[in-house]
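[1] Based on what follows, work out the 3D shape:
(one chain, ligands or ions: 1)
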Amino acid sequence: MEYVKIGNVEIKKTAVLAPMAGVADRAYRILNREFGASYTVSELISAKGLCYSDRKTEELCRITERERPCALQIFGCEPEFMAKAVKIIEQYRPDIIDINMGCPVPKVAGNGAGAALMKDKALSSEIVRAVVAESKVPVTVKIRKGWDAEHVNAVEFAAAMEEAGAAAITVHGRTKDQMYTGKSDMDIIREVKKAVSVPVIGNGDVASLDDCLRMYEYTGCDLVMIGRATYGNPWIFREIDSYFEGKPFTAPDLDERLDTLLYHLRLALSDKPDHIAVQEARKHAAWYLTGMYGAASFRARCYSLSSYEDAVKLTEDFKELQKRNSKK
Ligand SMILES: Cc1cc2nc3c(=O)[nH]c(=O)nc-3n(C[C@H](O)[C@H](O)[C@H](O)COP(=O)(O)O)c2cc1C
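    This next block holds a predicted model:
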């Protein structure tokens, strides 16, 4: 088994879980780590929010041992706030600090942070230097292909971030303008890999073991990062991990899928207030059922879950439906 080193942090060369605000919370990270994700990254955390002691923002920083190695990802566009945020999050002992330079949403990019930083290499370098100077752990950067089709600059930008002290670069092969449309460009990831000597994490549209292998082979990247294809599907990590470990992989049957849905909900309930955990579990429940017979007719029930018992009843009824269908 190969390992990749980001600074002093060893990461198994299988696949890593992408940061996803509103999705990849602690429960999600623990679950996917248990299924084989080799590294996890927190939801994006506002550096300013941390500096103004916002409790909700700090709550995003808590890391359990079961998620490690785990990065805390911060965003902002002022070097002083970013450096101060590093001091604050130190107490949560992140293994790595990741800087978000790829977020396209107006609340972030519209304020000069996230993907907007790709338009200002000098400021971005200053941010990386300021964060590296304060941080005791490796600092990485997550970027996109560029701002828009006229401003594709991931290669020069990544080289500048390495120069400023970044210990690894994640590249999502879409421009900010593309948001999540079109196809992620593997060529740009390959070009970035050629241009820098720190590890490169390839990201975008990896939805299967084959996609993951193609990403490794075509781009030469050091690690592959997976986001949306993990929705209701932590088995993607198990399959990739099994492949690299030379172990057989069996796709989950209905019982395993539904048991995992309930396990996921229990993890969430042990981490967040019940009403929030259950409310957030609704979309996950719908994702776990996606593609199975009768899933569409259960979607509304997923979106009205109001307790753990509701979820148990839903899985029982769904199993019953599958049984009846198989007898037809
Ligand atoms: C719901 C959602 C939330 C996201 N939140 C973040 C985030 O907080 N920080 C970040 O760097 N990227 C974020 N991303 C981008 C993903 O990390 C990833 O780059 C993108 O989804 C492409 O990978 P994929 O095709 O495997 O999903 C988010 C994506 C989604 C779909």
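
[2] so how many other residues sit close to K107?
    Residues lying near K107 (other CB atoms under 10 Å) number 10. Backbone N, C-alpha and C define where each C-beta goes, glycine included.

[3] measure it to the ligand for me?
    11 Å (CB to the nearest ligand atom, to the nearest Å).

[4] Please enumerate the strands of the stretch 151-300 of the chain.
    With strands called from DSSP state E, counting those that start in this stretch, the stretch 151-300 of the chain shows them at 169-175, 200-203, 223-226.

[5] which parts of stretch 46-61 are buried?
    Buried residues in stretch 46-61, counted by 16 or more other CB atoms under 10 Å: S46, A47, K48, G49, L50, C51, T57, E58, L60, C61.

[6] Could you dump the residues you listed into a markdown table with secondary structure added?
    Formatted as a markdown table, the buried residues of stretch 46-61 follow (DSSP: H, G, I helix; E, B strand; the rest coil):
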| residue | secondary structure |
| --- | --- |
| S46 | strand |
| A47 | helix |
| K48 | helix |
| G49 | helix |
| L50 | helix |
| C51 | helix |
| T57 | helix |
| E58 | helix |
| L60 | coil |
| C61 | coil |
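
[7] Which single residue in the stretch 51-200 of the chain comes nearest to the ligand?
    H172 (3.9 Å; CB to the nearest ligand atom).

[8] can you pull up the bridge partners for that residue?
    Assessed by DSSP bridges, H172 has beta-bridge partners R144, N203.

[9] Quick check: it touching K142?
    Yes: using CB atoms under 8 Å, H172 is in contact with K142, at 7.3 Å.

[10] how about the nearest residue to A115, chain neighbours excluded?
    Nearest-residue entry for A115: K176, 3.8 Å, with adjacent residues in sequence omitted and distances by CB to CB, 6 or more residues apart in numbering.

[11] Could you check how far the one you found is from G146?
    For K176, the distance to G146 equals 7 Å [CB to CB, to the nearest Å].

[12] tell me which residues of stretch 93-109 are tucked away?
    Applying a neighbour-count criterion of 16+ other CB under 10 Å, one finds 94-104, 108-109 buried in stretch 93-109.

[13] For it, C-alpha coordinates in CSV please.
    The C-alpha coordinates for stretch 93-109 follow below in CSV (Å, rounded to 0.1, in the frame of the first residue of the first chain):
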residue,chain,number,x,y,z
ARG,A,93,-5.8,20.0,16.8
PRO,A,94,-6.4,19.8,13.1
ASP,A,95,-3.9,17.5,11.3
ILE,A,96,-3.8,20.0,8.4
ILE,A,97,-5.2,23.4,7.7
ASP,A,98,-6.7,23.9,4.2
ILE,A,99,-7.5,27.3,2.7
ASN,A,100,-10.5,27.5,0.5
MET,A,101,-9.7,29.3,-2.8
GLY,A,102,-12.4,27.6,-4.9
CYS,A,103,-15.8,28.3,-3.4
PRO,A,104,-18.1,29.9,-6.0
VAL,A,105,-21.1,30.9,-3.9
PRO,A,106,-21.8,34.6,-3.8
LYS,A,107,-21.7,34.8,0.0
VAL,A,108,-18.0,33.7,-0.2
ALA,A,109,-16.7,34.6,-3.7
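
[14] chain center to that stretch, what's the gap?
    11 Å (CA atoms, centre = their mean, to the nearest Å).

[15] secondary structure element for the closest residue to S270 other than its chain neighbours?
    Excluding its sequence neighbours, the residue lying closest to S270 (CB to CB, 6+ apart) is A27, at 7.7 Å. Assigned by DSSP states H and E, A27 falls within helix 26-34.

[16] Can you give me the buried ones in that helix?
    R26, A27, Y28, R29, I30, L31, N32, R33.

[17] now swap in stretch 268-280 and tell me
    Applying a neighbour-count criterion of 16+ other CB under 10 Å, one finds A268, L269, D271, K272, A277, V278, E280 buried in stretch 268-280.

[18] where exactly do the helices run in the stretch 1-150 of the chain?
    Secondary structure of the stretch 1-150 of the chain (DSSP state H, counting those that start in this stretch): helices located at 26-34, 47-51, 55-59, 79-89, 106-109, 121-134.

[19] got a list of what the residue of the stretch 201-328 of the chain found nearest the ligand touches?
    Nearest to the ligand, among the residues of the stretch 201-328 of the chain, is G227, at 2.8 Å (CB to the nearest ligand atom). Residues in contact with G227 (CB atoms under 8 Å, 6 or more residues apart in numbering) are L17, A18, M20, A24, N203.

[20] Mark which of the residues you listed are buried, thanks.
    L17, A18, M20, A24, N203.

[21] Cool, thanks, signing off.
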